[in-house]
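**Q** What follows is a predicted protein model with its sequence.
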Amino acid sequence: MNIHFSASEHDEAKTRLKQLTDRYGQTDLPNATHIVALGGDGHMLHVLQDTMSFDLPVFGMNCGRLGFLMNHYDAEDLPARIEAAEIAPLHPLRMTATDRDNAVHTNLAINEVSVLRQTHNAAHIGISIDQKRQMDCLVCDGVLVATPAGSTAYNLSAHGPVVPLGGGLLALTPISPFRPRRWRGALLSDSSTVVLDVLEAGFRPVSASADSAEVRHVTSVQIEQASEITLNLLYDPGFSLSDRAVQEQFLS
């Protein structure tokens, strides 16, 4: 097993990086068989984005606070622990955003694609699913589409549902909806294509973000699962994303 270790900028992660590389060595990415990410969920997303082309399984160890995507930290018998880990395959979302200059921007998101108002003016957004208009005008602060892995992040904070891993679903969740006031979102097949059209884009400017990659002044955003891309996360047995997604729904 050839491990490439990657650490966030936090002091604790850097300290643990030195301890682990002193003990297990450090392999450069082209020659690695596994990646170990040290940090929090933000660093895990960063590692997944930056190493996607290497197609390597990633085992995260928490050196931050919540660390929903991470395993607990333990330096003992790390290769054996990785060998025994369960695989959680994830597919990212592909965001194709068109801005006011008709430039097209394409980014991938592991957690969610979100569309948010840029000013004090509420966003007015039309929603189409698989080329069928489902909502003519959502008046809101924004709206997002979340993967199962991302459903416990921003989506959950916006009162969206927790989506079980492997359920074949995506969450479409409004952010502070004003009209229709009672609409709380929808569960969609992960084969769906979602198009969010920004109405009155000049008067009501909107930005779109695929995780941390932001595009300003968008006029239209298309979101679909990049099913041809598979990211393999590794988890200790009994500590998988699926297990924690179930537990999250019973927390008060």
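**A** Perfect, I can see it now.
**Q** What ranges does the stretch 1-150 of the chain have for its strands?
**A** In chain order, the stretch 1-150 of the chain shows strands spanning 3-7, 34-39, 58-62, 86-90, 93-99, 104-109, 112-117, 123-129, 132-140, 142-146, with DSSP state E, counting those that start in this stretch as the criterion.
**Q** Can you give me the buried ones in stretch 166-175?
**A** Going by neighbour count (16 or more other C-beta atoms under 10 Å), the buried part of stretch 166-175 is 169-175. C-betas here are computed from N, CA, C, even on glycine.
**Q** worst average pLDDT in the strands of the stretch 1-150 of the chain?
**A** Lowest mean pLDDT within the strands of the stretch 1-150 of the chain: strand 86-90, a mean of 92.
**Q** Next, the buried residues of it.
**A** Of the residues in strand 86-90, 88, 90 count as buried by neighbour count, 16+ other C-beta under 10 Å.
**Q** just to revisit the earlier point, specify which member of the buried residues of stretch 166-175 is nearest to Asp28.
**A** In terms of C-beta to C-beta, no member of those lies closer to Asp28 than Leu170, at 35.5 Å.
**Q** bridging residues for Ile127?
**A** Per DSSP bridges, the residues bridged to Ile127 are Met135, Leu196.
**Q** Give me the distance between it and Ala208.
**A** When C-beta to C-beta, to the nearest Å is the yardstick, Ile127 and Ala208 sit 14 Å from each other.
**Q** So which of those two has more stuff around it?
**A** When Ile127 and Ala208 are compared on other C-beta atoms under 10 Å, the one with more neighbours turns out to be Ala208, at 29 against 20.
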